[in-house]
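In: This is the structure alone, sequence omitted:
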């Protein structure tokens, strides 16, 4: 519900209230973000502004919903632009429109002849507000900063949670007090990045299950930034959107531009409540509509089994084993195309390598389908090797600057998708590939960040960052429309492109190239704060692990990977008969609990970092599954205790032939006896 009381606007969710005013100068001033109040209470909210000195505006110091550049406001501007003669703004409120769960507010800049429309949409069931901004111009203007949202907060003390990371160590949760000054999380790499992620949470003293949490997402897969600015009065300005670093967007007379979408959420149920609201919102609203209700299949991926040594016969042998243990989707990874025998050649040449597949892909696809599996393929469409037919024909199709050598990373360049002819070429190749073959799954990879971000063909090279991401989105949207039976996975050297922008266009994401089951627990736990389990592709691979040489029991590897969408990535031709039998049993178990993991409500029950055991719970309100991974044993400490959450305390439940109350499982919990180092458990609990 959205209300207007004269100059006050109120946006309500199920438990959320978000309030801001239009002040005497026509600026939007934040007043309240918290629990829902009675309608009459909103008029009684105290003015959040502070009258301090003549050095500030006559209306005082405040937190703003929109910060103009050139005003007596010095936080990150919500919009910054220039014409040939002007670079300052004077935005004032003009009009507002309320239509059910949406609010649009028009601000007009008399200096640059700009109209800005701020869009608000409340998803009441999830207590999440969608935010974005549309800029329309009456004269030619170049945008230098265009933010999706500006959020003013009045809480006097806040703790910031966000992610840091690197390749193979993504989604490391960082938490610390937000001190006076400016804190920025961002990517300047051309993609979402392994190093940070466009998600944040702010709280004062929240725990896993209690306390207020304000949190947010940004739906953009290119350069992005979220700024947190805390002043001496305790106001906090949070501004998020396109990274203003090296950014430009030119608008001609009458043109408009809408920013990527931001999302602001609120809960009083701690970090667990935050995650559960976000997970439901992502499944119900963000994910592609045609896949929201369907369960993700158990896949097999051939990469770690064969690397570049791909052949029709070798893949068929893997198909036999994958089908026998219960996999449902077979994905051929890198090495199937061009002169691709290492990472030094072939990228850009998306035609089948006839040495490896003498009769093309069709015999393998028919073989896969004959075994009852779907067929999938790996591609990296944004890249080109110097040693490729495409680069030899079009050396001008990469990001480059005149007279300076171009830098390779992984022996490849980034294709300049900011050019329409390059975008059309990539779209055409992928469309042809999907039209010719019964491919049901595409793993879209991107294995390097940008360098030499220049494009002599563009009027302003600063536009390339945004143009590239928009091109990726258009390609995905085109392919999804033309090939509705194809599912897509987002991969960027692991978890380098995961955000709500790409998640609108893909069924799942590759969380990390790190497939060690122990390392994965921390990565997956961090991921769970922001993103749901159905999106998260998790593999069981070989022991010892290729990355760190650690050998873990097969049971541990499966229980770790069953906490998302299960995949198998090991060389099944080298697994023993006993391991294959055990794998088939675990896959059968996963399929029985898959609806709970992928569509249920999840609970973080225990963490290796603090509890010495990792445990996740999933429930549909009736059945409940607990997945537990233990660390190494310690003498005299082989008993594990895991308290559950999300059960009805008054109901009786059954597990392992025991009958106990929900209250018992919440207060006393499960008691498990650890039999070996890196033990693991899958326990299903049902109402009596």
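Out: Yep, that arrived. On a predicted model such as this, the values are computed, not experimentally measured, just so you know.

In: can you count the residues close to the nearest residue to residue 468 once chain neighbours are set aside?
Out: With sequence-adjacent residues excluded and distances taken as C-beta to C-beta, 6 or more residues apart in numbering, residue 468 is closest to residue 417, at 4.7 Å. In this view, the C-beta of every residue, glycine as well, is placed from N, C-alpha and C. Using other C-beta atoms under 10 Å, the number of residues around residue 417 comes to 24.

In: And residue 417, how close does it get to residue 476?
Out: As judged by C-beta to C-beta, to the nearest Å, residue 417 and residue 476 stand 12 Å apart.

In: just checking, the residue nearest to residue 468 is part of a helix?
Out: No. Residue 417 sits outside any helix when classified using DSSP: H, G, I helix; E, B strand; the rest coil, being coil.

In: Show the pLDDT at the closest residue to residue 138 other than its chain neighbours.
Out: In space, and not counting its chain neighbours, residue 138 is closest to residue 113: 3.5 Å by C-beta to C-beta, 6+ apart. With respect to pLDDT, residue 113 scores 90.

In: Residue 113 and residue 139 touch, don't they?
Out: Yes. Under the criterion of C-beta atoms under 8 Å, residue 113 makes contact with residue 139 at 5.1 Å.

In: Kindly confirm my reading that residue 582 forms part of a helix.
Out: Yes. Applying three-state DSSP, one finds residue 582 inside a helix.

In: What number of residues are in the vicinity of it?
Out: The number of residues near residue 582, taken as other C-beta under 10 Å, comes to 17.

In: Report the contact partners of it.
Out: Residues counted as contacts of residue 582 (C-beta atoms under 8 Å, 6 or more residues apart in numbering) are 554-555.

In: The nearest residue to residue 532 once chain neighbours are set aside and residue 211: what is the separation?
Out: In this structure, residue 532 finds its nearest non-sequential neighbour in residue 279, 3.6 Å apart by C-beta to C-beta, 6+ apart. Applying C-beta to C-beta, the value for residue 279 to residue 211 is 19 Å.

In: Next: residue 319.
Out: Counting by C-beta to C-beta - residue 319 and residue 211 are separated by 50 Å.

In: Give me the pLDDT value at residue 376.
Out: Reported pLDDT for residue 376: 98.

In: May I have the phi/psi pair for it?
Out: phi -130, psi 160 (degrees, to the nearest 10).

In: check contacts around residue 475.
Out: 381, 417, 423, 426-427, 430.

In: hmm, back to that, sticking with the residue nearest to residue 532, tell me its helix or strand.
Out: Per DSSP states H and E: residue 279 is located in helix 270-281.

In: State the mean pLDDT of that helix.
Out: Rounded mean pLDDT across helix 270-281 is 98.

In: Would you tell me what the next helix or strand after it is?
Out: According to DSSP H and E, the helix or strand after helix 270-281 is strand 299-301.

In: partners of that following strand, with directions?
Out: strand 329-332 (parallel), strand 565-568 (parallel) (DSSP bridges).

In: Just put these in a markdown table and tack on mean pLDDT and distance to residue 539.
Out: Converted to a markdown table, the strands paired with strand 299-301 look like this (pLDDT from 0 to 100; distance: least, C-beta to C-beta, whole Å):
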| stretch | mean pLDDT | distance to residue 539 |
| --- | --- | --- |
| strand 329-332 | 98 | 11 |
| strand 565-568 | 98 | 4 |
